[in-house]
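*Asks:* Need a 3D model of the following:
(2 chains)
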Amino acid sequence: MLSTYKYPKYEYRRPPELDGAGQGHHPVIIVGAGPVGLATAIDLAQHGQRVVLLDNDDTVSIGSRGVCYAKRALEVLDRIGCGEEMVAKGVSWNVGRTFFREQEVFNFNLCPEPDHHRPGMINLQQYYLEEYLVKRAEAVGGIDLRWKNNVVGVTQQADGVELRVETPDGAYSLNADWLVVADGARSPIRSMLDLDIEGKIFMDRFLIADVVMDADFPTERWFWFDPPFHPNQSVLLHRQADNVFRIDFQLGWEADPEEEKKPENVIPRIKAMLGDDRPFELEWVSVYTFQCRRMKDFRHGRALFVGDAAHQVSPFGARGANSGIQDADNLVWKLKLVIDGQAPEQLLDSYSAERVFAADENIMNSTRSTDFITPKSPVSKTFRNAVLGLAEHYAFARALVNSGRLSVPSFLTESILNTPDTDTFAGDMVPGAPMDDAPIESAGSAPWLLGTLGNRFQLLHFVEDAATLDLGTVHALKALAHERVAVEAIVVAARGQAPEALRTVIDKAGRIRERYDMRAGTTYLARPDQHVAARWRAFDADAVRAAVARATCN
Amino acid sequence: MPLNTQPNFSEPGKRYFRAFSPGDDFYEMLIDTHRDLSDEQSAMVNARLILLLANHIGDISVLREAMQIAREGV
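*Replies:* Take a look at the predicted model:
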């Protein structure tokens, strides 16, 4: 098979503990240097928190695996310094088309609104994401990244965990105050701690083939129900970087995975789809089944579960890696506040509650997609085909066509960290909402709202002309930076600069006003993970302090 | 009023943040209604469902239009 990618081999270094050196005790150990473990490590390091990151291997993910990275994950990657590289290398797309037999019956646009920095989705082989994250982890400083360090034992203590780690040079022990478990769907640590993960297995098999070819297909997601070249089953086509195309064939439960993986069986399927005269080469083939399941709690004492170790979904909707990156986004600021003694441990229970809520939404949506794509009974199939048949002419049926509801962030409306509204607002930026992007002008910062938000609590206060802001308000806004949990105030304005060099951003296209329903005086409290914590029609420092206390379980 | 073929699902008191959610809520409920039924039982459930919904709609001109569309191309 062809290879468009050269797998890096990262250097194993003999751990100092084997020679009686090393501190042996660490505030945070993360297990698993996949996308989620790496994102967690980088985010903590950016907060100034030293971490140890252990991985049992010494390279990146083999095969393209997770290929779709959604807008919200890209925004998180922007915050941790990898977004630009991902978008530059990846294939950006917004449009998906769905075909039934030979007809296009439905298409969607993931990002129908203008004035967002990131596209709805990019496609990029998972190994590139991991390579960029490793590079960033090495550059950011404070991450002790240990390849070929395999955790073989874990013991929970009242105020920490003890790990037994095997290396090519022998075994050693490490202690941590906090353990972040990012060791994937089969999570050995979850098993060692004897913790359950519950859900259901889907009785179907899918063949994924990465195919290298020169093709002028538009950069769109194409999905077929019952196409002539693969009758009674579904097929999905995605373009990735380097002219690699991902083709995903539904095979049915009876298929033999070993037989189906053989090139002599894969190639005829691809030829039937592409036609005989289009040259291509196979790069990677895999047959998979999947489960939709999650742990009951993502926090067990001092162990915090993230990504596939905590929850798994069907691949329809790209809700796996994307939700794992959002786990890291949600966890890190909370863990840092707890480590620094600025918030009680209960704040970490809100990590579990919020990400369980998101996992349930992801499992629900991906299960619905799976049930539509692979109907479980004759009557389900009849309804499915009736929807597809009506979709060509009737809008209501197009809305029911479900070939995957692609990853979008959850609105954490049930979170105990939210301060409920006491004023009335239009739009979707409710407490718990993932914040919408918008173009801005601001001295010395990115030209996007989300580029200025994150990593700390921030208060957005809107006035038409920033220069007219009274000094009393300026001083009260500035004073928030000296609270126990600091809040950075930012004036959002149509024009002008706030007095005393108070940070000001200009809502140049009016999108902040529109998306956040801002009027003079409107004030939003933003969490460090770019979610709305609270909002008011007027600024009141006491209300802000109370909302910060609530959002940090203080 | 002519037959409405635009997306029209919603549940009172429920707030939707994603356009696909209300239709998917309906579709899941529809498929769940048939769970563990034989084909014959499912056909009976569908017939009863049509009768109940037709009576609720009431306007025979709307029902006529729906019936015509339903037959086309089957």
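*Asks:* Going along the chain, name the helices of chain B.
*Replies:* With DSSP state H, the ranges of helices along chain B come out as B:21-33, B:39-57, B:60-71.
*Asks:* tell me the secondary structure for A:Phe108?
*Replies:* What DSSP: H, G, I helix; E, B strand; the rest coil gives for A:Phe108 is strand.
*Asks:* I'd say it and A:Val95 touch.
*Replies:* Yes - between A:Phe108 and A:Val95 a contact is recorded at 7.2 Å, counting by C-beta atoms under 8 Å. For glycine as for every other residue, the C-beta is placed from the backbone atoms N, C-alpha and C.
*Asks:* the more surrounded of those two?
*Replies:* A:Phe108 (21 against 16; other C-beta atoms under 10 Å in any protein chain shown).
*Asks:* The more buried one and A:Gln23, how far apart?
*Replies:* Distance from A:Phe108 to A:Gln23, counting by C-beta to C-beta, to the nearest Å: 52 Å.
*Asks:* Kindly report the same for A:Pro375.
*Replies:* Distance, A:Pro375 to A:Gln23, using C-beta to C-beta: 57 Å.
*Asks:* before we move on, what about A:Phe316?
*Replies:* Counting by C-beta to C-beta, the gap from A:Phe316 to A:Gln23 is 45 Å.
*Asks:* who's more crowded, those two?
*Replies:* More neighbours surround A:Phe316 than the other of A:Phe316 and A:Gln23, with 26 against 10 (other C-beta under 10 Å).
*Asks:* so that one makes contact with A:Thr370?
*Replies:* Yes - A:Phe316 is within contact range of A:Thr370, at 5.9 Å (criterion: C-beta under 8 Å).
*Asks:* Kindly report the domain assignment for chain A.
*Replies:* Per the record, chain A has its domains at A:16-89+A:121-196+A:294-365, A:449-551, by automatic domain parsing.
*Asks:* Report the separation between the two terminal residues of the last one.
*Replies:* Here the two ends of domain A:449-551 are set 21 Å apart, with distance taken as C-alpha to C-alpha, to the nearest Å.
*Asks:* hmm, it in reach of chain B?
*Replies:* No - Domain A:449-551 is not in contact with chain B by C-beta under 8 Å from any C-beta of the partner chain; minimum separation 12.6 Å.
*Asks:* Need the winner for burial among the domains of chain A.
*Replies:* Highest mean neighbour count among these (mean count of other C-beta atoms under 10 Å in any protein chain shown): domain A:16-89+A:121-196+A:294-365, with a mean of 21.
*Asks:* Distance from the chain centre to that domain, please.
*Replies:* 12 Å (C-alpha atoms, centre = their mean, to the nearest Å).
*Asks:* Surely A:Arg550 and A:Thr419 touch.
*Replies:* Yes - here A:Arg550 reaches A:Thr419: they are 5.5 Å apart, a contact under C-beta under 8 Å.
*Asks:* Show me whatever sits in contact with both of the two.
*Replies:* Counting by C-beta atoms under 8 Å, 6 or more residues apart in numbering or on different chains, the shared contacts of A:Arg550 and A:Thr419 are A:533-534.
*Asks:* In contact with residue 31, which residues?
*Replies:* Here I'm looking at chain A. A:37, A:53-55, A:151, A:163, A:179-183, A:189.
*Asks:* my bad, chain B
*Replies:* A:371, A:380, A:383.
*Asks:* export those to CSV and tack on secondary structure?
*Replies:* Putting the contacts of B:Ile31 into CSV (three-state DSSP) gives the following:
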residue, secondary structure
A:Asp371, helix
A:Ser380, helix
A:Phe383, helix
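*Asks:* of all those residues, which comes closest to chain B?
*Replies:* Using C-beta to the nearest C-beta, A:Ser380 is the member of the contacts of B:Ile31 that sits closest to chain B, with 5.3 Å.
*Asks:* if you skip the residues just before and after it, what's nearest to that closest one?
*Replies:* Leaving aside its sequence neighbours, A:Ser380 sits nearest to B:Ile31 (C-beta to C-beta, 6 or more residues apart in numbering or on different chains; 5.3 Å).
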